[in-house]
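J.: When you get a sec, could you give me coordinates for this:
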Amino acid sequence: MSTSREDGVTDSAIDETPSPESRETDSPEEGAVEGGTDFLHGSHPKSPPRGGGVFSPEALSVTGLLLLLPVLVGGRLLERVAWFGIGSGVADAGQLALLRAEMLTTGAVAAVAVLLASVSLFTGNDRTRAWARWSASAVVLAGVLSLLMCLLAFVGMVSAG
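T.: Predicted coordinates:
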């Protein structure tokens with residue numbers, strides 16, 4: 001005795017179900033009418049999946065995230081804000097020039113990261129993956145905060161010099 005479902009199926013049961021190839025439309029007008037009614041009912045046409053690329057929203061989002069990581073992880077930004085922005089730090093003229101250049105570079109990298117993430121958000125559409133939108137939003141928020149911190153530290157350095 002067999003317990004397989006295929007053993008109980010006869011050839012006549014298989015022949016009763018029509019194959020998808022045998023079900024063709026009788027005239028081309030019927031297919032056009034169905035497509036027209038889809039449009040009239042407000043349904044969206046099936047679009048092909050979005051292809052990835054160098055300038056896709058996903059790639060721009062990841063690039064912005066990778067650019068912002070050294071700014072956030074580096075810890076020097078918080079040190080400079082605490083020393084020159086909040087406190088009254090004093091440094092030599094040679095050191096101030098180096099510290100100003102460091103803050104300008106950090107701010108420029110954060111600005112490029114914010115720019116890339118913003119472009120990712122503006123070029124995205126309903127086919128953009130959710131993680132790309134989330135990471136681009138996080139990069140914009142953290143990048144703007146980093147830019148403000150760089151500005152605060154730079155203004156504190158200028159007034160200290």
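J.: Might you list the low-confidence residue ranges for the chain?
T.: Scanning the chain for pLDDT under 70 picks out 1-51, 161.
J.: Tell me which stretches of it form helices.
T.: Counting by DSSP state H, residue ranges of the helices within the chain are 5-8, 11-16, 28-40, 57-73, 76-80, 93-123, 130-160.
J.: wait, what's in contact with the nearest residue to Pro70 once chain neighbours are set aside?
T.: Leaving aside its sequence neighbours, Pro70 sits nearest to Val109 (C-beta to C-beta, 6 or more residues apart in numbering; 7.1 Å). In this view, the C-beta of every residue, glycine as well, is placed from N, C-alpha and C. Applying C-beta atoms under 8 Å, 6 or more residues apart in numbering, we find Val109 in contact with Leu67, Leu68, Pro70, Val71.
J.: Roughly how far does the second one sit from Arg100?
T.: Counting by C-beta to C-beta, to the nearest Å, the gap between Leu68 and Arg100 amounts to 21 Å.
J.: With neighbour numbers in mind, choose between these two.
T.: The residue with more neighbours, out of Leu68 and Arg100, is Leu68; 23 against 17, by other C-beta atoms under 10 Å.
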